[in-house]
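# Generate coordinates for the sequence data below:
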Amino acid sequence: TRDTIRSHWTSGGDTRTRGSGGKKSRDLVALVDDSAAAEEGANGSAAGQRLPQTFVEEVKEKWYDNGREREVDKWATETTWDGAPPAVSAPVENGSVSVPPLPAQLREHKPDEMRLFVRRRGEKRGNRTDGTEWGERWQFDEGPRDGPLPPSDETSPPPSSSAAASTEASRGDPNTPLGSAGPSGLRVTLRFSDKWWKERTGNRWGEKSRESDVDGTVTEKWYDNGWEKQVDRWRRGPDGESSGEKFGDKIDGTTWHERWGKKAGAGDGSETATEWIDKSWCKHEEGRQFKWGEKSRKEGGRLWSEKWSKREETGGAEGDEWCEIWGKDAEGNTQTERRGNQWRVGLDGQREVVDWFQDKFGEHGKEKWAFKQGANSEGDEWMEKWNERGMEKSAEKRGKNARGDEWREQWKENLTQRGKFTWAEKEGKNAQGEQWLETWVEESENKKKAKKTASNAQGEHWEEEWGEDLRYDGSGEKWTSKWASDSQGRKWGNNWGDKW
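Have a look, this model is predicted:
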């Protein structure tokens, strides 16, 4: 309970040739005592550990008005002392009486070490005849020399730091580091400030900061010029972990948002170190909505990033999207993936994909690989992959279209002690019933052979084969063979060869 003992006000002012000004002050001394808790304490309850305390509040105000500019500056200091306030005497007729002390008298009777908590807070507002306005709120707390921050009062103004002085009703030194001794000799536990400015044109901007030995530091800058506005905010925790965000928009519908973070220890190469960033934008143009962004993350020796984009027609009738993702692990292995699609809304009201693609690339140790596939609205489909591992290489391609045409290609290469071995094969067919196959083998630089076959819907078939073998002793051979057949079962062909 708070029992008001004494309240004291003073005020004054002056009127000058070109303006006026003044100041006010108020002193309040209160006894904080919980008799019920004290009674329970007598019976051994833990609640009885609470002792009477003295609460002191000193309020100051200054103002001026010169006809073109005016400002009001208010600030207060709240101090909690250990123990009840001492009694002091005031002279009266034929003697004296006991009265509550003023703050200055209280400080004479209580040493600095009896202070438990000090809070300085204030507010400043001003304006000019040209339409300019400004304001500021601030708070500066000092708590126990050791131990946690005292419980905060949710109804109190936000915390702060501001100007300096060493008197009991001063604003405090904004440069006093958090956790060190403040003007009252107690540990600085919290500081806050909120400043803003406004011009007649509607242009507004401001900045905020909050420092706490429990929650860390938060700073913010913002502006709003009527056409564009943005907020830029940073946070740093007491454990060194930091994060931030920036977001804004324009009257044409453009928006942007950026978030980032850094875990304590990032940069020292530890496995727990983490850094990340996430950016995005949105823009409206000629009946279309465009969105795009990028992300990245670093954790220990691992890296990851992503870029993306989306487009949508107004009303959501159609659109497209794509993204690219890249990663690198602690061993240096990398992988990239690109994918995208184009869509439209069907008769059933659901989205249907009409074009799409996917590309993948990777490098793992001595192995490199790639993979691509996709399809389009005309019915075309395709796939391509490639691999290289040590002395071996391979590739494959295949595709088809809406007309019924299909094709496939394969290729392999292997370096052995005998030389380079190469194998390739191509095959295909079309809607007219034609089919073909071609194979190529190169066992070494001097030994090669190939074979081709084909057929059609009329039952005709033909084949061609050739080869050569050039030996190191100078001997060798070359040969070729051709033959064909028709739907009637008739066959014909020829062979040729040469040896030496």
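# for Trp326, what are its contacts?
303-306, 334-337 (C-beta atoms under 8 Å, 6 or more residues apart in numbering). For the C-beta atoms, the positions are set from N, CA and C on the backbone; glycine is no exception.
# which residues touch stretch 389-404?
Against stretch 389-404 from outside (C-beta under 8 Å, 6+ apart): 366-368, 378-387, 406-416, 430-431.
# residue contacts, Asn430?
Asn430 sits in contact with 403-406, where contact means C-beta under 8 Å, 6+ apart.
# Now the buried members of those residues.
Taking 16 or more other C-beta atoms under 10 Å as the criterion, what is buried in the contacts of Asn430 is Glu406.
# Next, format the contacts of Asn430 as TSV and append distance to Lys449 and secondary structure.
Below are these laid out as TSV (distance: C-beta to C-beta, whole Å; DSSP: H, G, I helix; E, B strand; the rest coil):
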residue	distance to Lys449	secondary structure
Arg403	34	coil
Gly404	32	coil
Asp405	28	coil
Glu406	26	strand
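# ok, which stretches of this structure are helices?
Using DSSP state H, the helices found in the chain span residues 35-42, 103-109.
# Quickly, which of these bottoms out on average pLDDT?
Least confidently modelled of the helices of the chain is helix 35-42, at a mean of 43 by mean pLDDT.
# What is the neighbour count of Gln358?
The local packing of Gln358 (other C-beta atoms under 10 Å) involves 14 other residues.
# got the contact list for it?
Contacts of Gln358 (C-beta under 8 Å, 6+ apart): 337-339, 371-374.
# Please enumerate the strands of the stretch 301-450 of the chain.
Assigned by DSSP state E, counting those that start in this stretch, the strands in the stretch 301-450 of the chain fall at 302-313, 318-328, 334-345, 351-364, 367-375, 381-389, 392-400, 406-416, 419-429, 435-444, 447-455.
# Serialize the ones you listed to a markdown table and add fields for mean pLDDT and distance to Ser475.
Listed next are those as a markdown table, based on pLDDT from 0 to 100; distance: least, C-beta to C-beta, whole Å:
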| stretch | mean pLDDT | distance to Ser475 |
| --- | --- | --- |
| strand 302-313 | 95 | 58 |
| strand 318-328 | 95 | 54 |
| strand 334-345 | 95 | 50 |
| strand 351-364 | 94 | 45 |
| strand 367-375 | 96 | 40 |
| strand 381-389 | 95 | 36 |
| strand 392-400 | 95 | 31 |
| strand 406-416 | 93 | 23 |
| strand 419-429 | 92 | 18 |
| strand 435-444 | 92 | 15 |
| strand 447-455 | 93 | 13 |
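# now those in CSV, with distance to Asp249?
Below are those laid out as CSV (distance: least, C-beta to C-beta, whole Å):
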stretch, distance to Asp249
strand 302-313, 18
strand 318-328, 22
strand 334-345, 27
strand 351-364, 27
strand 367-375, 36
strand 381-389, 42
strand 392-400, 45
strand 406-416, 51
strand 419-429, 55
strand 435-444, 60
strand 447-455, 64
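# which residues touch Glu331?
Applying C-beta under 8 Å, 6+ apart to Glu331 gives the contacts Gly365.
# Now do it, the pLDDT please.
Note on Glu331: pLDDT of 90.
# Could you shift the numbering so residue one becomes 385, and keep it that way?
All set: I'll call the first residue 385, so the last point we hit is now Glu715.
# For stretch 767-783, measure first residue to last.
Terminal residues of stretch 767-783 lie 6 Å apart, using C-alpha to C-alpha, to the nearest Å.
# and it, how far out from the chain's middle?
Distance of stretch 767-783 from the chain centroid (C-alpha atoms, centre = their mean, to the nearest Å) equals 38 Å.
# In it, which residues are buried?
For stretch 767-783, burial by neighbour count (16+ other C-beta under 10 Å) applies to 767-768, 770-772, 777-783.
# Generate the ChimeraX command that creates a selection of the buried members of the contacts of Trp710.
Buried residues among these (16+ other C-beta under 10 Å), as a ChimeraX selection:
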select :687,688,689,690,719,720,721
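# Strands along the stretch 385-534 of the chain, start to end?
For the stretch 385-534 of the chain, applying DSSP E, counting those that start in this stretch gives strands covering 386-400, 403-416, 437-449, 453-466, 472-476, 479-483, 499-512, 517-527.
# now do the stretch 535-684 of the chain
Using DSSP E, counting those that start in this stretch, strands in the stretch 535-684 of the chain cover 571-582, 588-596, 600-608, 612-620, 626-634, 639-646, 658-669, 672-683.
# Check these for me and report the most buried one.
Across the strands of the stretch 535-684 of the chain, averaging neighbours per residue (mean count of other C-beta atoms under 10 Å) puts strand 571-582 on top, at a mean of 21.
# I'd like the buried residues of stretch 767-783 as JSON lines, with distance to Ile709 appended.
Listed next are the buried residues of stretch 767-783 as JSON lines, based on distance: C-beta to C-beta, whole Å:
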{"residue": "Met767", "distance to Ile709": "20"}
{"residue": "Glu768", "distance to Ile709": "19"}
{"residue": "Trp770", "distance to Ile709": "20"}
{"residue": "Asn771", "distance to Ile709": "20"}
{"residue": "Glu772", "distance to Ile709": "22"}
{"residue": "Lys777", "distance to Ile709": "26"}
{"residue": "Ser778", "distance to Ile709": "25"}
{"residue": "Ala779", "distance to Ile709": "24"}
{"residue": "Glu780", "distance to Ile709": "24"}
{"residue": "Lys781", "distance to Ile709": "24"}
{"residue": "Arg782", "distance to Ile709": "25"}
{"residue": "Gly783", "distance to Ile709": "25"}
